[in-house]
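In: Could you work out the structure for the sequence below:
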Amino acid sequence: MAVKKFITLEGSSFRSWSDAARNAITDASHTIRGIDRVDVINSWAKVEEGKIIEYRVKVQISFDVKREVTEQ
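Out: Residues are numbered from 1 along each chain as shown. Now for the predicted structure:
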């Protein structure tokens, strides 16, 4: 039986919300192997002088927890 782990991350981009989500996954994949799902929980933008200057998202990712097999 597989065990899944879920973690919440925030990502940002100067271009779009989809880039912000992609950046969060790309950064996480440097240290987490086997990411198999992402859910966008929330999105918002930083605004200055009436213009969006940064897109941000909160995402939840999941991956399988690898178990070590021990000899008996």
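
In: Run through the helices of the chain in chain order.
Out: 17-28 (DSSP state H).

In: Flag the shaky bits of it, pLDDT-wise.
Out: 1, 69-72 (pLDDT under 70).

In: Do a quick rundown of the strands in it.
Out: Here the chain has its strands, by DSSP state E, at 4-13, 35-48, 51-64.

In: how distant is the last one from the center of its chain?
Out: Meaning strand 51-64. With Cα atoms, centre = their mean, to the nearest Å as the basis, strand 51-64 stands 6 Å off its chain's centre.

In: For it, which strands pair with it and how are they oriented?
Out: strand 4-13 (antiparallel), strand 35-48 (antiparallel) (DSSP bridges).

In: Comparing the ones you listed, which comes out most buried?
Out: A comparison of the strands paired with strand 51-64 by mean neighbour count, using mean count of other Cβ atoms under 10 Å, puts strand 4-13 on top with a mean of 14. The C-beta positions use only the backbone N, C-alpha and C, and glycine is treated the same way.

In: Can you tell me what sits against stretch 31-42?
Out: 7-8, 17, 21, 24-25, 28-29, 57-64, 66 (Cβ atoms under 8 Å, 6 or more residues apart in numbering).

In: what's the burial count for the nearest residue to Lys46 once chain neighbours are set aside?
Out: In this structure, Lys46 finds its nearest non-sequential neighbour in Glu54, 4.1 Å apart by Cβ to Cβ, 6 or more residues apart in numbering. Glu54 sits with 14 neighbouring residues when counted by other Cβ atoms under 10 Å.

In: Can you name the residues that contact Glu54?
Out: By Cβ under 8 Å, 6+ apart, the neighbours of Glu54 are 12-14, 45-46.
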